[in-house]
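A.B. asks: Predicted model, plus sequence, below.
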Amino acid sequence: MTGNTKKLFIKTYGCQMNVYDSDRMVDALGPHGYETVSEIENADLVLLNTCHIREKAAEKVYSELGRLNKLRQQRRQEGGDLMIGVAGCVAQAEGEEIMARAPSVDLVFGPQSYHRLPQLVSKAATERVVDTEFPEEDKFAHLPAAKKETTIARGLTAFLTVQEGCDKFCSFCVVPYTRGSETSRPVAQIIAEAQSLADAGVMEITLLGQNVNAYHGHDEKGVPVNLGALLYRLAEIKGLERLRYTTSHPNDMSDDLIEAHRDLPQLMPYLHLPVQSGSNKILKAMNRNHTREDYLAIIARIRATRPDMALSGDFIVGFPGETEADFEDTLNIVRETGYASAYSFKYSTRPGTPGAQMDDQVPEDIKLERLHRLQELINQQQTDFNASCIGKIMPVLLDKPGRIEGQLGGRSPYLQAVHLDAATDLLGTIQSVEIIEKRKFSLHGKIVTKQTANSANLGRSEEEQLLSGA
Ligand code: 5AD
Ligand code: SF4
């Protein structure tokens, strides 16, 4: 290590909550002399913030650790060193196993320990450390306030975790084990964090939770507050132009929340509401506690209140016992719902979940064939949705430089990527944009009437990722 500054590299896998957590790790280590670097080769400390949702995600960690081990050996031959830490959901689920399988790992810590990171890192300098406890103390209470420089580096849009963990125990899912039981942050803490982000120039906040619409925090007077009510409170914060939330469960789609979409102009008309399967038999086996009819009725209620709501979802194909007829039910619920975008996955057996014990596991080739058919349908719906936007005028938050010089990129209310010709002084503004063309992964538009810039040169490069949950 050179001088007093130590170089930190964090590699983040998986969902948006991991992105949020990685930023918190940077914030926690900053006051202890760590600054982030963009090249792993330059780091003194490498942290892998991992995802355990599917087998493939977890396996990536071990191959990365193999590469890191070589880098460390090389360093040691040159007289230097490298500390390696594993965080996140693989750490929580496989703490001791990681230590056994990867001797180069110095530190393993779960999602509930990142506020203790500085102490863990100094301890790991002398001994190997595993910390996968679910402590009583509030890890969020130690967050430093957002800074303007941080916003410039991280961008105009920010994530804010309001709820963590899940009590639903869908039979395929590891989240209740890795993130623990459902906890909601107090309203005052969330408002303070949102205010601090807004003060630092953040214009859009996405509230995060594995089961975000199960949020049930308490306000300053101890009164219970649900997600709908929380959104009304957040909408009062000046400068916060846009609010989003993810990921929601159909059974927690309360009237308050649906009405917030009618009442709050800041609340974007985009909802990620996974159903996982369209077959009632499979939904029961998945322990979803709702039917396809329940889901369709919720969608109808939402659309009656907010007709332009763009819907997104998650689907699992090849859950144990899924027949061709069950899969057809899934294709049909997609056709009936009509998604603006959706994510689909082959069922992956997760150790310790009830699904792993079930008979009738579906062969891999059938899973793959179903996945292709489902993805073809979803892609078609996404293409149709994007095509339906051509000629429409919509507000676009210009939040980053475009890939091409002279262009800026942003997001439509429906979370579509939009590119247009504009000077950089329009970064950080919301413009009225006419959509003129559909490209493969984005829309192209032109500004209708230019709004003056209210903040300049702020950009964000991170791609949105899917939050594991619900
Ligand atoms: N196999 C495949 N997909 C899964 N998901 C969660 N667990 C599994 C699993 N065992 C999917 C669900 C969830 C999304 C984040 O990941 O669709 O909504
Ligand atoms: Fe909870 Fe969602 Fe996982 Fe179900 S899929 S157990 S609701 S996180």
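C.D. replies: In hand now; what should we look at? All values reported here derive from a predicted model rather than from experimental measurement. Ligands and ions are numbered 1, 2, ... in the order given.

A.B. asks: just checking, Lys418 is part of a helix?
C.D. replies: Not quite, residue 418 is Val, not Lys. No: counting by DSSP: H, G, I helix; E, B strand; the rest coil, Val418 falls outside a helix, being strand.

A.B. asks: Tell me the pLDDT of it.
C.D. replies: As predicted, Val418 sits at a pLDDT of 98.

A.B. asks: Also Leu397?
C.D. replies: At Leu397, pLDDT is 97.

A.B. asks: again, but for the one 10 residues further on
C.D. replies: According to the per-residue confidence, Gln407 scores 95 in pLDDT.

A.B. asks: Which parts of the stretch 51-200 of the chain are strands?
C.D. replies: In the stretch 51-200 of the chain, strands defined by DSSP state E, counting those that start in this stretch lie at 83-87, 107-109, 129-131, 157-161, 163-164, 183-184, listed in chain order.

A.B. asks: by contact count, what packs against the first one?
C.D. replies: If you count contacts as 3 or more Cβ pairs under 8 Å, 6 or more residues apart in numbering; DSSP states H and E, strand 83-87 packs onto strand 45-50, helix 55-77, strand 107-109, helix 117-124. From N, CA and C alone the C-beta is placed, and that goes for glycine too.

A.B. asks: Leaving out sequence neighbours, find the closest residue to Pro103.
C.D. replies: Asn69 (7.8 Å; Cβ to Cβ, 6 or more residues apart in numbering).

A.B. asks: so who does the one you found touch?
C.D. replies: Ile84, Ala102, Pro103, Ser104 (Cβ atoms under 8 Å, 6 or more residues apart in numbering).

A.B. asks: where in the protein is pLDDT low?
C.D. replies: 1-3, 452-470 (pLDDT under 70).

A.B. asks: any bit of stretch 301-313 sitting next to ligand 2?
C.D. replies: No: Stretch 301-313 lies out of reach of ligand 2 by Cβ under 6 Å from any ligand atom, never closer than 11.9 Å.

A.B. asks: which other residues reach that stretch?
C.D. replies: With Cβ under 8 Å, 6+ apart as the criterion, stretch 301-313 contacts 253, 258-259, 261-262, 269-275, 299, 334, 337-343, 385, 413-415.

A.B. asks: That stretch spans what distance, first to last residue?
C.D. replies: 17 Å (Cα to Cα, to the nearest Å).

A.B. asks: about what we covered before: among the contacts of stretch 301-313, name the buried ones.
C.D. replies: 253, 258, 261, 269-275, 299, 334, 337, 339-342, 385, 413-415 (16 or more other Cβ atoms under 10 Å).

A.B. asks: from the residues you listed, which ones fall inside helices?
C.D. replies: Ile258, His261, Ile299, Val334, Thr337, Phe385 (DSSP state H).

A.B. asks: and the residue in the stretch 301-450 of the chain that ligand 2 sits nearest to, what are its bridge partners?
C.D. replies: Nearest to ligand 2 in the stretch 301-450 of the chain, going by Cβ to the nearest ligand atom, is Asp314, at a distance of 7.9 Å. Asp314 has these beta-bridge partners by DSSP bridges: Tyr343.

A.B. asks: Return the residues in contact with it.
C.D. replies: Contacts of Asp314 by Cβ under 8 Å, 6+ apart are Thr247, His272, Pro274, Val275, Gln276, Ala342, Tyr343, Ser344, Phe345, Leu466, Ala470.

A.B. asks: And the helices in the stretch 151-300 of the chain?
C.D. replies: 175-178, 187-199, 227-234, 255-263, 280-285, 292-305 (DSSP state H, counting those that start in this stretch).

A.B. asks: first to last residue in stretch 351-359, what's the distance?
C.D. replies: Note: stretch 351-359 ends 15 Å apart using Cα to Cα.

A.B. asks: hmm, that stretch in reach of ligand 2?
C.D. replies: No: applying Cβ under 6 Å from any ligand atom, one finds stretch 351-359 separated from ligand 2 by no less than 8.9 Å.

A.B. asks: What lies in contact with that stretch?
C.D. replies: 93, 169, 171-174, 177, 285-287, 319-321, 347, 349-350.

A.B. asks: Farthest pair within those residues?
C.D. replies: Ala93 and Gly321 (25.0 Å; Cβ to Cβ).

A.B. asks: of all of the stretch 251-400 of the chain, which residue lies closest to ligand 1?
C.D. replies: For the stretch 251-400 of the chain, Cβ to the nearest ligand atom, closest residue to ligand 1: Asp314, 3.3 Å.

A.B. asks: got a list of what the residue in the stretch 51-200 of the chain that ligand 1 sits nearest to touches?
C.D. replies: Nearest to ligand 1, among the residues of the stretch 51-200 of the chain, is Phe172, at 4.1 Å (Cβ to the nearest ligand atom). By Cβ under 8 Å, 6+ apart, the contact list for Phe172 reads Gln276, Met286, Ile316, Phe319, Tyr347, Arg350, Thr353, Gly355.

A.B. asks: and Ile436, how far is that from Leu368?
C.D. replies: 37 Å (Cβ to Cβ, to the nearest Å).

A.B. asks: Over to Ser122?
C.D. replies: Distance from Ser122 to Leu368, by Cβ to Cβ: 47 Å.

A.B. asks: Please look at Pro186 and Gly217 and confirm they touch.
C.D. replies: Yes: with contact defined as Cβ atoms under 8 Å, Pro186 counts as touching Gly217 (5.3 Å).

A.B. asks: more neighbours, the two?
C.D. replies: Set side by side, Pro186 and Gly217 show more neighbours around Gly217, with 21 against 18, by other Cβ atoms under 10 Å.

A.B. asks: which residue sits closest to that one in space, ignoring its chain neighbours?
C.D. replies: Ser184 (4.1 Å).

A.B. asks: for that neighbour, which residues make a bridge with it?
C.D. replies: Gln163.

A.B. asks: which residues does it contact?
C.D. replies: Here Ser184 is in contact with Val162, Gln163, Gly209, Ala214, Tyr215, His216, Gly217 (Cβ under 8 Å, 6+ apart).

A.B. asks: what does the stretch 301-450 of the chain put close to ligand 1?
C.D. replies: So the stretch 301-450 of the chain meets ligand 1 at Asp314, Ile316, Phe345, Tyr347, Ser348, Arg350 (Cβ under 6 Å from any ligand atom).

A.B. asks: For ligand 2, tell me whether stretch 53-69 is touching it.
C.D. replies: No: counting by Cβ under 6 Å from any ligand atom, ligand 2 has no neighbours in stretch 53-69; the shortest distance is 8.4 Å.
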